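Trainee: Give me a 3D structure for the following:
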Amino acid sequence: MFGIPGKQAVSITDKAAMQIAKLMEKDGSKGLRIGVKKGGCAGMEYTMDYVSDIDPLDEIVEQAGARVMIAPMAQMFLFGTEIDYEVSLLESGFKFRNPNVVDACGCGESIKFDENISALSLK
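Mentor: Presented below is the predicted three-dimensional model:
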């Protein structure tokens, strides 16, 4: 696990926890795995997938019936991130407030991390 012992890598707002729990119940999954991958115009993208099995290397964050697993390769990118769920007139979805992001594309679909973090983990 990457980070500070005893401190969860990510925090989940109450709205996000309610939405994740609802999705878990609807899909019958054990949770939502969050990761990052190369792609998009800024260089990286978040990934979110339902999971039926928990990987023992995942970091698990549980709150109010919601379970989020953080893929091992993503833990250093996501440390300190707050996951929220926002609803507006035009869209709704999960929002990541990530202190490790140094830039994002105009459409909001991809992000760029500090080069020091990227060099350590995604070779």
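
Trainee: Low-confidence stretches in the chain?
Mentor: Under the criterion pLDDT under 70, the flagged ranges of the chain are 1-7, 42, 103, 106-112, 114-123.

Trainee: any idea how far residue 31 is from residue 9?
Mentor: As judged by C-beta to C-beta, to the nearest Å, residue 31 and residue 9 stand 14 Å apart. Every residue, glycine included, has its C-beta placed from N, CA and C.

Trainee: May I ask you to name the longest helix in the protein?
Mentor: helix 14-27 (DSSP state H).

Trainee: what's the distance between the helix or strand following that helix and the middle of its chain?
Mentor: Per DSSP states H and E, helix 14-27 leads on to strand 31-38 as the next helix or strand towards the C-terminus. Chain-centre distance of strand 31-38: 6 Å, with C-alpha atoms, centre = their mean, to the nearest Å.

Trainee: the inter-axis angle of the next helix or strand after strand 31-38 versus strand 31-38?
Mentor: Proceeding N to C from strand 31-38, the next assigned helix or strand is strand 44-51, under DSSP H and E. Counting by axes from the mean of the first three to the mean of the last three C-alpha atoms, to 10 degrees, strand 44-51 points 150 degrees away from the direction of strand 31-38.

Trainee: Can I get the helix or strand that comes right after strand 44-51 in CSV? Just the C-alpha atoms.
Mentor: Per DSSP H and E, strand 44-51 leads on to strand 59-63 as the next helix or strand towards the C-terminus. Output of strand 59-63 as CSV, limited to C-alpha atoms (Å, rounded to 0.1, in the frame of the first residue of the first chain):
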residue,chain,number,x,y,z
GLU,A,59,-6.7,-0.9,-1.2
ILE,A,60,-10.3,-1.0,0.0
VAL,A,61,-12.2,2.0,1.2
GLU,A,62,-15.7,1.3,2.6
GLN,A,63,-18.3,3.8,3.7
